[in-house]
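> quick one: sequence plus predicted model below, questions after.
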Amino acid sequence: MSIAGTKKVKSRKAQEARLAWILISPTALIVFGLVIFPAIFSIWVSFHDVGLNNLNDVFHAPFVGFENYREVINDYAFKFQGLNNWGAAVTTIVYSFASTSLAVLVGLAASLLLNRPFKGRGVARAIFLFPYVAPIVSIAFVWRWILDPRPSGVVNDILMSLNLIELPKAYLATRGLSLLIVILLDAWRYFPFCMLMILARLQAIDNTLYEAAKVDGANAIQQFFAITLPELRYVLGATFLLRLMWTFNKFDDIFLYTGGGFGTKVLPVLTYEFSFRLYDFGRGAATAMILLLILALFMTLYVTTVMKNVED
């Protein structure tokens, strides 16, 4: 190729490179403005004393080092105080693992049911997806109406009509019971996601494996443990970790159900309270960073185990 031809090729490549930067620059600016800069700024705020008194001049806020982190860890609402007060850290772990485990189990059962051919299967799948696609605000208000502590509440009205209880009960305002209810409601809302992930993998399993197992005399339970479960192990692990990370970082569900009261206060709710009720943005940012570190551990586990096994 001549020198002129080589220069022409290089010029074309340079033009393509400039065009690529021009095309991705709007997305890059949006990602920087909405993700990268707020994350870096939150880290910066977590090491400074930022409140309403200096919010108008935040970049000159006093540097306090790890003082905000120490205050969060030693805060009454954060740490474990006994069986009657678990604190936000332990409550978050219990809530996240319990609701995620239950969502995966229910999703597995639903996917096994919907994987079988029957009349109206498409309608059944659409109905099962309703909790996941419905707006959380509408769902929260419906459940709060059902569990209303007044006699007019659906549950109280039914139980009192059956003479099972004499007085109405405040289900979402009873310590212990409220946490159990939000765990069940979270599992009910998000099991369709697990169902879709598992169902997609179920439909990819070779039917000849089951036919061979039937020839060998294996029953349905033996086929499930010998064929279905091993084939689903990677998607179950990936689904569990993804849902665990999302649940760990979830704010709106618990806040709409209980406002974080009565033993249901989790780290995202505590972050909100530090920042927008106490107006201590430094402690709020420190709580968010602690939450980020825990999520980073889950992400590392996800990348090093599930994704590595899938690639292998």
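Thanks, I have the structure now.
> so for stretch 166-177, what's the average pLDDT?
Stretch 166-177 shows a mean pLDDT of 90 in the predicted model.
> pull out the buried residues from it.
168-169, 171-172 (16 or more other Cβ atoms under 10 Å). (C-beta placed from N, C-alpha, C; glycine too.)
> swap in stretch 132-148?
132, 139-140, 143-144, 147-148.
> restricted to helices, list these.
132, 139-140, 143-144 (DSSP state H).
> which pLDDT does the model give the spatially most central residue of the chain?
Central residue of the chain (Cα atoms, centre = their mean): Trp246, 1.9 Å from the mean position. For Trp246, the model assigns a pLDDT of 90.
> got the phi and psi for it?
phi -70, psi -40 (degrees, to the nearest 10).
> residue contacts, it?
With contacts defined as Cβ atoms under 8 Å, 6 or more residues apart in numbering, Trp246 is in contact with Tyr190.
> roughly how far apart are it and Pro135?
17 Å (Cβ to Cβ, to the nearest Å).
> where does this protein dip in pLDDT?
1-10, 305-312 (pLDDT under 70).
> if we use 80, what do you get?
1-14, 16, 80-85, 299, 301-312 (pLDDT under 80).
> distance to Leu232 for the buried residues of stretch 132-148 - can I get that in a markdown table?
Formatted as a markdown table, the buried residues of stretch 132-148 follow (distance: Cβ to Cβ, whole Å):
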| residue | distance to Leu232 |
| --- | --- |
| Tyr132 | 20 |
| Ile139 | 28 |
| Ala140 | 32 |
| Trp143 | 31 |
| Arg144 | 35 |
| Leu147 | 34 |
| Asp148 | 40 |
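> ok, so of those residues, who is nearest His48?
Closest approach to His48 among the buried residues of stretch 132-148 (Cβ to Cβ): Ala140, at 34.9 Å.
> from Val269, how far off is that closest one?
14 Å.
> just Leu301 next, same as before
24 Å.
> which one's more surrounded, these two?
Val269 (24 against 14; other Cβ atoms under 10 Å).
> quick one: contacts for the more buried one?
88, 251, 254-255, 259-260.
> of these, which is the most crowded?
Ala88 (28 neighbours).
> what is the helix or strand where that one lies packed up against?
Per DSSP states H and E, Ala88 falls inside helix 87-114. With contacts taken as 3 or more Cβ pairs under 8 Å, 6 or more residues apart in numbering; DSSP states H and E, helix 87-114 sits against helix 121-133, helix 177-202, helix 229-248, helix 267-276.
> tabulate those in JSON lines, adding columns for distance to Ser46.
Converted to JSON lines, the helices and strands packed on helix 87-114 look like this (distance: least, Cβ to Cβ, whole Å):
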{"stretch": "helix 121-133", "distance to Ser46": "33"}
{"stretch": "helix 177-202", "distance to Ser46": "28"}
{"stretch": "helix 229-248", "distance to Ser46": "18"}
{"stretch": "helix 267-276", "distance to Ser46": "11"}
